[in-house]
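> 3D model of this:
(2 chains)
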Amino acid sequence: DTGVSQNPRHKITKRGQNVTFRCDPISEHNRLYWYRQTLGQGPEFLTYFQNEAQLEKSRLLSDRFSAERPKGSFSTLEIQRTEQGDSAMYLCASSLDQSYGYTFGSGTRLTVV
Amino acid sequence: DQQVKQNSPSLSVQEGRISILNCDYTNSMFDYFLWYKKYPAEGPTFLISISSIKDKNEDGRFTVFLNKSAKHLSLHIVPSQPGDSAVYFCAATTNTGKLIFGQGTTLQVKP
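Purely as a prediction, here's the structure:
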């Protein structure tokens, strides 16, 4: 197990298009988190899953955003009708239960043109 | 509502000297505090943490101090090394496991 894997690493899309990102957590980790980071800011919480259940969603997660974690394994984050303001680094992290110091992936950098 | 704040966007120190990174928070319900380090094009990496019931935690060259009455924590790096140059994020959490991050401080350690 090589840690948290995110794909793709980079995505450039035209405004109005839909995009989907994937996160593969560390296999024994039951919690999975999505964060978004923009330039000059710290990561902002978007949502998290315990196994397959989505337990919390930030108000930052508008109805254009949806996340899934089927079978409690990998997760996908979809953004519909992308806007330029969606340009950011999208980070995934995983942890075992509520242990602190979770492991982040390298992120997917989204650029909406 | 910025619950965790890092008011210094950048810090520059000489190799071998002490680096002190500061962080303030507003939510008294936070029960755990963490520091993450981030290099460009990589995700944040966990560095050190401290429980709210303690006032100091040390791990090698890294020490975190917590002052609950002032709602302030700091990360000390002694001695600083050029490889420590990175962005450092302070984060806090309640028992939900969700982390609230500060804006980050870019540390440059000059040889």
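
> so where's the chain uncertain?
In the absence of a named chain, this looks at chain A. Residue ranges of chain A with pLDDT under 70: A:1, A:98-100.

> that answer is for a different chain, and I need it for chain B
Within chain B, the segments meeting pLDDT under 70 span B:1.

> do I have it right that residue B:18 meets residue B:77?
Yes: when contacts are counted by CB atoms under 8 Å, residue B:18 is listed as touching residue B:77 (6.9 Å). Bear in mind the C-beta positions are built from the backbone N, C-alpha and C, glycine included.

> how about the residues of chain B near chain A?
For chain B, the contact set with chain A under CB under 8 Å from any CB of the partner chain comprises B:4, B:6, B:9, B:32, B:34, B:36, B:41-46, B:49, B:89, B:91, B:93, B:95-104.

> next step: these restricted to strands.
B:4, B:32, B:34, B:36, B:45-46, B:49, B:89, B:91, B:93, B:99-101 (DSSP state E).

> once you drop chain neighbours, what's closest to the residue nearest the centre of chain A?
Closest residue to the average C-alpha location of chain A: residue A:34 at 3.5 Å, with CA atoms, centre = their mean. Counting by CB to CB, 6 or more residues apart in numbering or on different chains, residue A:34 lies nearest to residue A:46, which is 4.3 Å off, once chain neighbours are set aside.

> and the one you found, how far from chain B?
Residue A:46 sits 10 Å away from chain B, going by CB to the nearest CB, to the nearest Å.

> name the element that residue belongs to?
strand A:44-50 (DSSP states H and E).

> if we can go back for a sec, could you flag which of the ones in strands among the residues of chain B next to chain A are buried?
B:4, B:32, B:34, B:36, B:46, B:49, B:89, B:91, B:93, B:99-101 (16 or more other CB atoms under 10 Å in any protein chain shown).

> dump the residues you listed to JSON lines, plus distance to residue A:4.
Formatted as JSON lines, the entries for those read as follows, by distance: CB to CB, whole Å:
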{"residue": "B:4", "distance to residue A:4": "23"}
{"residue": "B:32", "distance to residue A:4": "20"}
{"residue": "B:34", "distance to residue A:4": "17"}
{"residue": "B:36", "distance to residue A:4": "14"}
{"residue": "B:46", "distance to residue A:4": "12"}
{"residue": "B:49", "distance to residue A:4": "19"}
{"residue": "B:89", "distance to residue A:4": "17"}
{"residue": "B:91", "distance to residue A:4": "17"}
{"residue": "B:93", "distance to residue A:4": "18"}
{"residue": "B:99", "distance to residue A:4": "15"}
{"residue": "B:100", "distance to residue A:4": "20"}
{"residue": "B:101", "distance to residue A:4": "17"}
